[in-house]
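> Got a predicted structure here, sequence first:
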Amino acid sequence: MAGMALSVFIRFHAKPGQGRAVAEALRTVVPPSRAEPGCVFIEAYRSIQDADLFHIHSRWVDEAAFDVHGGLAHTRQFLAAVQPLLDHQLEVARTRPL
């Protein structure tokens, strides 16, 4: 369904002691992501119940815009920096409203 807005939810869980580094990586990647022409909205969140649990909620004009985002330098650098800090694989959900 090309051409339809896409909402993406990504879950990150930091290894013990790595929450601060994950938070900083998220603070670094959100502003350039927000500036992308295909980005409608992006925000990073930290759980109030588990300080090592983070989420990104973003909305893109379409799946193609999110695919472009995935290939950009700031996204690739973020993923390379954050993946070793996590205790699980990234969980990425591409969604549309019901």
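Everything's here; your move.
> any idea how far stretch 7-24 is from the chain center?
Computed by CA atoms, centre = their mean, to the nearest Å, the chain-centroid distance of stretch 7-24 equals 9 Å.
> residues making contact with that stretch?
When contacts are defined by CB atoms under 8 Å, 6 or more residues apart in numbering, stretch 7-24 is touched by residues 26, 46, 50-60, 66, 82, 85-88, 90-97. All C-beta spots, glycine's among them, are computed from the backbone N, C-alpha and C.
> buried sites along that stretch?
Buried positions in stretch 7-24, judged by neighbour count with 16 or more other CB atoms under 10 Å: 7-8, 10-14, 18-19, 22-23.
> In strands, which of those residues appear?
7-8, 10-13 (DSSP state E).
> Make a markdown table from the residues you listed and add pLDDT to it.
Shown next, in a markdown table, are these (pLDDT from 0 to 100):
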| residue | pLDDT |
| --- | --- |
| Ser7 | 97 |
| Val8 | 98 |
| Ile10 | 97 |
| Arg11 | 97 |
| Phe12 | 95 |
| His13 | 97 |
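> quick check, nearest of those residues to Pro37?
Proximity of those to Pro37 (CB to CB) peaks at Val8, which lies at 16.3 Å.
> And that closest one, how close does it get to Lys15?
23 Å (CB to CB, to the nearest Å).
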